[in-house]
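Participant: no sequence for this one, just the structure:
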């Protein structure tokens, strides 16, 4: 099993010679954090602090797929999770995610307003669908 673990790290780091992997949890954790921090810097992931709901929040500004993947991996590692806004398509760190539900960021015109508009569209489609004659 140790060989499989080391091979996975070699793929992650794209390194030919990874010798210290698996010796201690602390060393592996440090290596992973160093790798993610370097990847965030090199891919152009930029943190953006803002005030939200009586507290500070952090977003990541990304400009490429690679940067988005690095930001997503970083948020997953930090156990905050990541979501794509159903209205504007931007990545954001959600306060709470519910399976099967759309997530909306707090930027304008997203947030609660976008959720209300989406619910109104669903109700309208359901209402219009019930009044149409069945297709033969």
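Facilitator: Here it is on my side, so go on. Nothing here was measured: the structure is a model prediction, and the numbers come from that model. Residues are numbered from 1 along each chain as shown.

Participant: so where's this protein uncertain?
Facilitator: Filtered on pLDDT under 70, the chain yields the residue ranges 1-23, 79-82, 130-136.

Participant: which parts of it are strands?
Facilitator: 46-52, 55-61, 83-84, 91-92 (DSSP state E).

Participant: turn those strands into JSON lines, including mean neighbour count.
Facilitator: Heads up, the C-betas are built off the backbone N, CA and C, glycines and all. Converted to JSON lines, those look like this (neighbours: other Cβ atoms under 10 Å):
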{"stretch": "strand 46-52", "mean neighbour count": "11"}
{"stretch": "strand 55-61", "mean neighbour count": "14"}
{"stretch": "strand 83-84", "mean neighbour count": "18"}
{"stretch": "strand 91-92", "mean neighbour count": "20"}
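
Participant: out of these, nearest to residue 101?
Facilitator: With Cβ to Cβ as the measure, strand 83-84 is the member of these nearest residue 101 (10.1 Å).

Participant: how far off centre is the closest one?
Facilitator: Averaged C-alpha coordinates place strand 83-84 at 6 Å from its chain's average position (Cα atoms, centre = their mean, to the nearest Å).

Participant: quick one on the thing from earlier: now tabulate the strands of the chain in TSV and tack on distance to residue 109.
Facilitator: Formatted as TSV, those follow (distance: least, Cβ to Cβ, whole Å):
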stretch	distance to residue 109
strand 46-52	16
strand 55-61	17
strand 83-84	16
strand 91-92	15
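
Participant: tell me which of the ones you listed lies nearest to residue 30.
Facilitator: Ranked by Cβ to Cβ, the member of the strands of the chain that lies closest to residue 30 is strand 46-52, at 20.7 Å.

Participant: counting by contacts, list what the closest one packs against.
Facilitator: strand 55-61 (3 or more Cβ pairs under 8 Å, 6 or more residues apart in numbering; DSSP states H and E).

Participant: each with direction, which strands does the strand it packs on pair with?
Facilitator: strand 46-52 (antiparallel) (DSSP bridges).

Participant: other residues contacting the strand it pairs with?
Facilitator: 56-62, 106 (Cβ atoms under 8 Å, 6 or more residues apart in numbering).

Participant: farthest-separated two in these?
Facilitator: 56 and 62 (19.8 Å).

Participant: with that, I have no additional questions.
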